[in-house]
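[1] need a 3D model of the following:
(chains A and B)
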2 protein chains.
Amino acid sequence: MAFFDELAARIERRDTVVSVGLDPDPDRLPEFLDSDLPRWAFNRRIIDATHEHAACYKPNAAFYEDSDGWRALEETVAYAHGKGVPVLLDAKRGDIGNTARQYATVLDSVDAITVNPYLGADALQPFLSREDKGVFVLARTSNPGAQEFQRLEVGNGKRLYEYVAQRAAEWSEGNVGLVVGATAPEELEAVRELVPELPFLVPGVGTQGGDAEAAVEHGLAGGVGLVNSSRGIIFAGEGSQSAERYFDAAGAAARRLKRRLNEYR
Amino acid sequence: MAFFDELAARIERRDTVVSVGLDPDPDRLPEFLDSDLPRWAFNRRIIDATHEHAACYKPNAAFYEDSDGWRALEETVAYAHGKGVPVLLDAKRGDIGNTARQYATVLDSVDAITVNPYLGADALQPFLSREDKGVFVLARTSNPGAQEFQRLEVGNGKRLYEYVAQRAAEWSEGNVGLVVGATAPEELEAVRELVPELPFLVPGVGTQGGDAEAAVEHGLAGGVGLVNSSRGIIFAGEGSQSAERYFDAAGAAARRLKRRLNEYR
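    Next comes the predicted model:
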């Protein structure tokens, strides 16, 4: 099944557009994880606690870039799939030729990926040609400095992020989405007007303080889209007195976000 | 020692500006590698054959993104360092906040990295703040589709890649370089005029058919810069009758490129 069809089915079945970011920051992992692969042990318990509220899991590749990390990621992906939840690898990749083709092989394992548009469409072709997978192109990211290049005017009164969004819509064979942050709700709305049919992955509603209402109102296309929280869910239990309470807090945070977002759906 | 000082010393000592791209494409590795880590076995023999002609090694992260791959990369980096050759990880990373900080930890192991500017300066800060390391910002990449976004006019008659180059020069504390492809020599020259002091990493003179003379003439700043070939060196021995000849061919290809580039220095 194509990724966005699978995602639509998951959203409907579980009544949620929450993407849970699996970013097991080594400095914040709880001490009680008794495992030779603490990132995997952590993710497994986070998935146990949150999967009923998750439309997808979004591991960020940065937290898995070492030998044990890739093992932890592989186990995590398999476990999420075992729970019926698709996995979007937040890798923000962008490279050329045979290198781009090599990066794209990760789509054999995961269901979708984020990519960086700076190198142009030919660099993204190995991802875009996988029509069964989802490809989320960075348009307007959620960081304060995103405006430095993304907001440059590039002609016809368009900003670079708007032009990227339009081009991404032209590339799509029903397999392209956009990353548009919740931290700039007006720009989120502007992008939605430009590309009515692309699903968005909207980061920044948790720790970064973005606008949850705008994220839902503009992030979904035909009801399909994702609103992500990472640290706001997975580290919600920090300070808990037991492992059980720690992960219960993550589950509660995912449920809270689901309900908050569902108010606007 | 700061990366660009180390690189300058290496260039002077070995009389070479060749960057050898260590991209062990699994589809092209020779069959005679008898190892549980064939990428590492391959890289080790490539390093043995080429290190006298190498100003640096440039592994592309795409070819190491699995559990064994990161082990192979770690071994490769240590071995290159043992031969006195700095290592530039071609990762083209760009992410935000705590994720960018996590990506930047790879600079504990390698000497320099390539990064993608699309997310803006704050996203690159964890790399830029490592003043002892080299940070090569993508400006004008060597792929045919690079022009799609990089050549957009962004005001004052400047193209996006030119604006990125200027901003990168402003970020530099003596630790920033640019990636500018040899496949567009006029644009290479234009960038050099804008930023006279930044060393460039110039890809595309091998298989991609870029202009070696322009790469040297415009790629170096005060004699410091890198001209990369990956497949043109490491797979030069394809079709050889023995492992010895296979790697001898790689060594010969590195020496040839060194001499060809030195004609223009």
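[2] A:Lys258: how many residues sit nearby?
    The local packing count at A:Lys258 equals 20, with neighbours defined by other Cβ atoms under 10 Å in any protein chain shown. All C-beta atoms are positioned from the backbone trio N, CA, C, and that covers glycine.
[3] surely it meets A:Val18?
    Yes - in terms of Cβ atoms under 8 Å, A:Lys258 counts as a neighbour of A:Val18; the distance is 5.0 Å.
[4] and for those two, which residues touch both?
    The contact sets of A:Lys258 and A:Val18 overlap at A:His53 (Cβ atoms under 8 Å, 6 or more residues apart in numbering or on different chains).
[5] what does the model give A:Phe32 for pLDDT?
    At A:Phe32 the predicted local distance difference test score is 89.
[6] could you pull up the contacting residues of the nearest residue to A:Asp132 once chain neighbours are set aside?
    Nearest residue to A:Asp132 in three dimensions, chain neighbours excluded: A:Ala2, at 5.4 Å (Cβ to Cβ, 6 or more residues apart in numbering or on different chains). Contact criterion Cβ under 8 Å, 6+ apart gives A:131-132, A:174-175 as the residues in contact with A:Ala2.
[7] so where's the longest helix in chain A?
    With DSSP state H applied, the helix covering the greatest number of residues in chain A is identified as helix A:243-262.
[8] name the helices or strands packed onto that one?
    Helices and strands touching helix A:243-262, by 3 or more Cβ pairs under 8 Å, 6 or more residues apart in numbering or on different chains; DSSP states H and E, are strand A:18-22, helix A:38-50, helix A:212-219, strand A:226-229, helix A:231-234.
[9] go again using 7 Å as the cut-off
    For helix A:243-262, the elements it packs on are strand A:18-22, helix A:38-50, helix A:212-219, helix A:231-234, judged by 3 or more Cβ pairs under 7 Å, 6 or more residues apart in numbering or on different chains; DSSP states H and E.
[10] most tightly packed of these?
    Looking across those with neighbours counted as mean count of other Cβ atoms under 10 Å in any protein chain shown, the highest average goes to strand A:18-22: a mean of 27.
[11] residue boundaries of the strands in the stretch 51-200 of chain A?
    In the stretch 51-200 of chain A, the strands defined using DSSP state E, counting those that start in this stretch lie at A:56-59, A:88-93, A:112-115, A:134-140, A:176-180, A:200-202.
[12] thinking again about what came up before, out of the contacts of A:Ala2, grab the one that's most surrounded.
    In terms of neighbours by other Cβ under 10 Å, those top out with A:Asn175 at 19 neighbours.
[13] so what's the closest residue to that residue other than its chain neighbours up against?
    The shortest distance from A:Asn175 to any residue that is not its chain neighbour, by Cβ to Cβ, 6+ apart, is 5.1 Å, and that residue is A:Glu131. Counting by Cβ atoms under 7 Å, 6 or more residues apart in numbering or on different chains, A:Glu131 touches A:2, A:173, A:175.
[14] quick one: A:Glu131 from A:Val85, how far?
    21 Å (Cβ to Cβ, to the nearest Å).
[15] what does A:Ala8 give?
    Taking Cβ to Cβ, one finds A:Ala8 at 14 Å from A:Val85.
[16] which parts of the stretch 1-150 of chain A sit against chain B?
    With Cβ under 7 Å from any Cβ of the partner chain as the criterion, the stretch 1-150 of chain A comes near chain B at residues A:23, A:25, A:60, A:62-63, A:65-67, A:70-71, A:92, A:94-99, A:102-103, A:106, A:116-123, A:138, A:141-150.
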